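Peer 1: Structure for this input, please:
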Amino acid sequence: MASGDDGSAIVEFLGVTLVLLVPLVYLVLVLGRVEAATFAAEGAAREAARVYVRSDDTSQAVHGALASVGIALADQGFDDAPADALQISCTRHPCLTPGGDVEARVEVVVGLPFVPGFVRDVVPLEIPVSATRAAPVDDFRVAAG
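Peer 2: Coordinates of the predicted model:
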């Protein structure tokens, strides 16, 4: 009894596997990068705000905040420039005025993996991830500029 379906189960299995498994693996890769960007942005914003309010002057605060953002981003595999990713805003001026708050906002842009450059030039295939943290300046510190 010969039938015309010999070997078609293997072909169907491979076809279904490619149709379902490849997009699933790609989705896991993308979600992993987005999760890494979330960890990087959260950690960078938290530490930048902490370092900023603990510094003695504004110049030292900016350098320390940029260094902490650079470390947090590099730790998760992102090579974004810390100066481009970090924005600092203050509720009082100068920034380190006792009783004020310092807010650090970090934004990381996650590009979709395995997308060729010519496609990226035409269609923006990036996911922006940002985090914001605020830290209070100690009420009992000496005001510094």
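Peer 1: Please make it C-alpha for all contacts and neighbour counts, starting now.
Peer 2: Fine.
Peer 1: center of this structure - which residue?
Peer 2: Ala37 (2.9 Å; C-alpha atoms, centre = their mean).
Peer 1: following the lowest-mean-pLDDT helix or strand in the chain, which helix or strand comes up?
Peer 2: Here the helix or strand of the chain ranked lowest by mean pLDDT, DSSP states H and E is helix 117-122, holding a mean of 85. The element immediately downstream of helix 117-122 (helix or strand, assigned by DSSP states H and E) is strand 126-136.
Peer 1: and that next one, which strands flank it?
Peer 2: strand 101-111 (antiparallel) (DSSP bridges).
Peer 1: Run the chain-centre distance for the strand it pairs with.
Peer 2: Centroid separation for strand 101-111 versus its chain: 8 Å, with C-alpha atoms, centre = their mean, to the nearest Å.
Peer 1: who touches that strand?
Peer 2: 33-34, 37, 41-42, 44-46, 48-49, 52-53, 80, 85-92, 95-96, 125-137 (C-alpha atoms under 8 Å, 6 or more residues apart in numbering).
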